[in-house]
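**Student:** 3D, please:
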Amino acid sequence: MKLVARSIILMFSLTIGSTIVSAQSAARLDGRILDAQGASIAGALVTLYARDRSVSLATVTNEAGAYVFRGLASGEYLLEVEAAGFARATRTVSLSGDTTLDVKLEPAGVSASVIVSATDAAQTIDEVAKSVSVVDRQELEERDEIFIAEALRRLPGLRVQQLGTPGALTSIKIRGLRNQDTAVLLDGFRLRDPSSPQADATTFLSDLLVTDVSRVEVLRGSGSSIYGTNAIGGVVQIMTDDGGGPMRGELLAEGGSLGLFRSRAQFAGGSGDDRLIYSFGIGHLNIMRGLDRDDRARNTSAQGRAQVRFTPNVTLSARLYAADSFLQLNESPQAVGALPPNGIIEAVPLSLAELRRYEAGTPISQLQIGTANFIPQADDPDNSQAQRFLSGAMRLTARLRDGLGVALAYQALDTRRIYRDGPAGVSPFEPRGNTRSDYDGLIHTFDARADWRPSKSNFVIAGYEFESENFRNSSFQVNPADNFAVDVTERSHAFYAQDQFRLLDDQLQLLLAFRAQFFSLERPRFEPIARAPYQNIAFEAPPNAYTGDGAIAYVFRSTGTKLRAHVGNGYRAPSLYERFGASFSSFFGYSVYGDPRLRPERSISVDGGLDQTFLSSRIRASATYFYTRLQETIEFDFSGAINPATDPFGRFGGYLNRPGGIARGVELSAETSVARSLSISAAYTYTNSIQRTPQVAGSGVIRSLVIPAHQFNVLVTQRFARRLTLNFDLAATSSYLAPIYDPNSFTSRVYRFRPLVKADLVANYAVPLSERKMLRLFGVIENLLDRDNYESGFRTPGRTARAGASLSF
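**Tutor:** All right, here's what the predicted structure looks like:
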């Protein structure tokens, strides 16, 4: 709480001080949005970004296609315009007084976007020297995406995995790396669970619904020098709708297979010449049956943003994202039948009919197994997960003079997960009574930064970040004597700097960045305290983390060619569980797994590529080669590498540092909109990801698990006279390897699963009700081909359908 109070005092002080020194007159930007023939486009969304991200504003054009932004500080801005049926356009504008800028939208062409995730500053797509993809609000709507993670499945380099029914555990792997190598951000703030084993965002991904999202940006390649821990493989940044302009909103409801029902309400607008702008969305998802008619899932999410401009130079913004979810869990898949003594096993699932008999209590010995060699997830009726998180953030920005700005930001992230299990179910490891495990996390983050533009071609960012991280775990067992709890806190200080150059009439882009982070630990508190671990050890400061980043891009405007290269090293700070993980029983006492001396994970990555446009930007193609080496990782080892006689904590097994593997490959993508009514995008990824040591001990398999060598995606959107839109999405992979637990040998075996193929079809029909009201009717068929897909042994839904309607006003 002291940190919160100090942050508020600092914000208030800077607000007063900046308001006093701010004496510049306000500028105005207005204009009209037109089509290629010069006709006005009403209802176009116009967004204005300051280059230094000190402010972002949005409005909607009126019946005459006009827009206006008032009360602006002088400086350089990026204007982004989007309208249904037109290619998105961006323009650069420098304001020193009132300015008029008209924009013509082309009916066909590849959309241009403003990108902020590559450098944490606004850039056009031509200025970006890294691999970045964008999924915008129009695509989210046309594909009727419910989960943010599912919307990213089509992007090159991403492996999105969902273990079973919608709402089940979901992970995102970038460029053949691990779950924990993907950082997830909300409007520039890290979203991660400090109570999870790797303190990453994986536990949240299935809870991130499309609620009040303007777009999602994905940075592929190291981003640790800008965004800190977990950004070894890349960054997924979720951007909240800016709001602004006239009051507008949408009400949506839909339902369908699996007992699915979803509702959502969104509102956005502004007042006082947009001195106050706001947006807010709330959604509810209820899956009443799921795959086995007992896979219930519920999620209520709220997301919103408000921004106040005290003067043209001083802005205060606040953002909220909260989710409350419940999920019925299943047993994990397990091996069955006569297995070969070694080698890779070709996966053959137990039939659905026999799975139902198994769930009803039939012993495995009496099942008609046939050629099956694994049992998919079986129903566990009293096993569940309840989860909630709340992320609240504030950011105060002030322009002290032209070219110099400062910003203070604060985020509080509160997380809670509760697992309950009981004696019901088919696993031989079911508890004899009811059990409960609570995992609570709390992160306070404070950031202070300065933005300096010494010249038009140079932009410098430097800052300081403080983070306090707390992890609490309480376990309530059948025997109260086995109950235990742990409470651990860690603090860190980070300094970072970034220098961006735009040279040769903006054709040459250079970026240099550096970050250093320093950690301090508090002694953990355990209950019961008798024989508690880590109590009589002198704690030294854990090793520091240093990262650097460099990127270069050159644009040949005459040919529409951009060459780019990026090199950087990444890191992941050890989680509190990896530092202090332990379990307890009244008979054995404490079993210790963590090591507070762990060094941060380190990596080095290189990527380079070519972006090319054709036919007046109606076709854009991209090719990228990437290479990442995990120089040092944190792994859980129980093979005897830890000697209890020499280990200071007396461990037989646990977490330790060791060299990691490598991942390399090629990303190819293309998108085209040669006609106004038709757009096509496609992506292919080849990944060769290998480990130094097998991920499954004794298997001899060094290829990374769950990562297919080949992935292909295609998205086709066909529009008919602005009313009807059809969207076809196909995702396919080659075969892949995954571990399945064998209860007979008490080890895991490596299985090869057949290729994944999933095709979705979405239809939207718009019915204008008035000048500002629109009714949209839509229907979705997922897994159109009714393919039996298994994700690491978990059965996923076959063909499903849903339909709904939305009213926008």
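**Student:** contacting residues for the nearest residue to Gly164 once chain neighbours are set aside?
**Tutor:** Among residues not flanking Gly164 along the chain, Phe794 sits closest, at 4.4 Å (Cβ to Cβ, 6 or more residues apart in numbering). (Glycine included, C-beta is placed from N, CA and C.) By Cβ atoms under 8 Å, 6 or more residues apart in numbering, the contact set of Phe794 is 163-164, 168, 330, 333, 376-377.
**Student:** just Arg597 next, same as before
**Tutor:** 540, 542.
**Student:** among the contacts of Phe794, name the buried ones.
**Tutor:** Buried subset of the contacts of Phe794 (neighbour count, 16 or more other Cβ atoms under 10 Å): 163-164, 168, 330, 333, 376-377.
**Student:** got the residues you listed as CSV, with pLDDT columns?
**Tutor:** Formatted as CSV, those follow (pLDDT from 0 to 100):
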residue, pLDDT
Leu163, 97
Gly164, 94
Ala168, 96
Asn330, 96
Pro333, 98
Pro376, 98
Gln377, 97
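**Student:** in strands, which of those residues appear?
**Tutor:** Those of the buried ones among the contacts of Phe794 mapping onto strands are Asn330, per DSSP state E.
**Student:** what secondary structure does Gln368 sit in?
**Tutor:** coil (DSSP: H, G, I helix; E, B strand; the rest coil).
**Student:** for the nearest residue to it once chain neighbours are set aside, identify the helix or strand it belongs to.
**Tutor:** Nearest in space to Gln368, with sequence neighbours left out and distances taken as Cβ to Cβ, 6+ apart, is Glu354 at 5.6 Å. Here Glu354, judged by DSSP states H and E, is contained in helix 352-359.
**Student:** enumerate the positions of that helix that are buried.
**Tutor:** Here helix 352-359 shows 354-355, 358-359 as buried, counting by 16+ other Cβ under 10 Å.
**Student:** how far does the helix or strand where Val68 lies sit from the chain's center?
**Tutor:** Using DSSP H and E, Val68 sits in strand 66-72. How far strand 66-72 lies from its chain's middle: 32 Å, per Cα atoms, centre = their mean, to the nearest Å.
**Student:** what comes into contact with that strand?
**Tutor:** 26-33, 40, 44, 46, 48, 55, 57, 59-61, 95, 245, 273-275, 309, 312.
**Student:** partner strands of it, with direction?
**Tutor:** Here strand 66-72 has these sheet partners by DSSP bridges: strand 27-34 (antiparallel).
**Student:** name the next helix or strand downstream of the strand it pairs with, please.
**Tutor:** Assignment by DSSP H and E places the next element after strand 27-34 at strand 45-50.
**Student:** got the angle for that following strand vs strand 66-72?
**Tutor:** 30 degrees (axes from the mean of the first three to the mean of the last three Cα atoms, to 10 degrees).
**Student:** strand 45-50 packs against which elements?
**Tutor:** The contact analysis (3 or more Cβ pairs under 8 Å, 6 or more residues apart in numbering; DSSP states H and E) places strand 45-50 against strand 56-60, strand 66-72, strand 75-82.
**Student:** tell me what the host helix or strand of Glu467 is packed against?
**Tutor:** Per DSSP H and E, Glu467 falls inside strand 458-476. The helices and strands touching strand 458-476, judged by 3+ Cβ pairs under 8 Å, 6+ apart, are strand 435-455, strand 484-503, helix 576-580.
**Student:** tabulate the CA atom coordinates of stretch 475-494 in PDB.
**Tutor:** Taking C-alpha atoms only, stretch 475-494 is exported to PDB below (Å, rounded to 0.1, in the frame of the first residue of the first chain):
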ATOM      1  CA  SER A 475      -3.200 -26.300   0.600                       C
ATOM      2  CA  PHE A 476      -6.100 -28.000   2.400                       C
ATOM      3  CA  GLN A 477      -5.900 -31.800   2.400                       C
ATOM      4  CA  VAL A 478      -8.100 -34.600   3.600                       C
ATOM      5  CA  ASN A 479      -6.000 -34.900   6.700                       C
ATOM      6  CA  PRO A 480      -5.700 -31.500   8.300                       C
ATOM      7  CA  ALA A 481      -2.300 -32.400   9.500                       C
ATOM      8  CA  ASP A 482      -1.100 -32.200   5.900                       C
ATOM      9  CA  ASN A 483      -2.200 -28.600   5.400                       C
ATOM     10  CA  PHE A 484       0.500 -26.100   4.600                       C
ATOM     11  CA  ALA A 485       1.000 -22.600   3.300                       C
ATOM     12  CA  VAL A 486       3.800 -20.500   1.800                       C
ATOM     13  CA  ASP A 487       4.100 -16.700   1.300                       C
ATOM     14  CA  VAL A 488       7.000 -15.300  -0.700                       C
ATOM     15  CA  THR A 489       7.900 -11.800  -1.900                       C
ATOM     16  CA  GLU A 490      10.400 -10.600  -4.500                       C
ATOM     17  CA  ARG A 491      11.300  -7.100  -5.600                       C
ATOM     18  CA  SER A 492      13.200  -5.900  -8.600                       C
ATOM     19  CA  HIS A 493      14.500  -2.600 -10.100                       C
ATOM     20  CA  ALA A 494      15.100  -2.100 -13.800                       C
END
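**Student:** what bridges to Thr435?
**Tutor:** Asp421.
**Student:** give the buried residues for stretch 437-450.
**Tutor:** Buried, per 16+ other Cβ under 10 Å, within stretch 437-450: 438-450.
**Student:** try stretch 739-756
**Tutor:** Neighbour counts over stretch 739-756 (16+ other Cβ under 10 Å) mark 739-740, 742, 748-751, 753-754, 756 as buried.
**Student:** so which of the residues you listed belong to strands?
**Tutor:** Using DSSP E, these in strands are 739-740, 742, 748-751, 753.
**Student:** export those residues to CSV and tack on pLDDT?
**Tutor:** Shown next, in CSV, are these (pLDDT from 0 to 100):
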residue, pLDDT
Pro739, 98
Ile740, 98
Asp742, 96
Ser748, 95
Arg749, 97
Val750, 98
Tyr751, 98
Phe753, 99
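**Student:** closest one of those residues to Gln266?
**Tutor:** Nearest to Gln266 among these is Phe753, at 38.6 Å by Cβ to Cβ.
**Student:** ok, now which ones touch the closest one?
**Tutor:** Counting by Cβ under 8 Å, 6+ apart, Phe753 touches 347, 735-738, 790, 792-793.
**Student:** residues contacting stretch 573-583, please?
**Tutor:** Taking Cβ under 8 Å, 6+ apart as the rule, stretch 573-583 contacts 194-199, 229, 469, 471, 475, 484, 486, 488, 490, 492, 517, 519, 521, 524, 526, 533-534, 542, 545, 590-596, 598-601, 634, 654-655.
**Student:** the helix or strand Phe728 falls within to strand 747-753, inter-axis angle?
**Tutor:** Counting by DSSP H and E, the element that carries Phe728 is strand 724-733. Per the same axes, to 10 degrees, the angle that strand 724-733 makes with strand 747-753 is 130 degrees.
**Student:** partner strands of strand 724-733, parallel or antiparallel?
**Tutor:** strand 710-720 (antiparallel), strand 757-768 (antiparallel).
**Student:** C-terminal to the longest one, what's the next element?
**Tutor:** Once strand 757-768 ends, the next helix or strand along the chain (criterion: DSSP H and E) is strand 774-782.
**Student:** helices and strands around that following strand, which ones?
**Tutor:** strand 757-768, strand 800-808.
**Student:** relative to strand 800-808, how tilted is it?
**Tutor:** Using the same axes, to 10 degrees: strand 774-782 against strand 800-808 is 170 degrees.
**Student:** tell me the mean pLDDT over strand 774-782?
**Tutor:** Mean pLDDT, computed over strand 774-782, is 97.
**Student:** so what's the gap between that strand and the chain middle?
**Tutor:** 26 Å.
**Student:** what pLDDT is listed against Ala108?
**Tutor:** 64.
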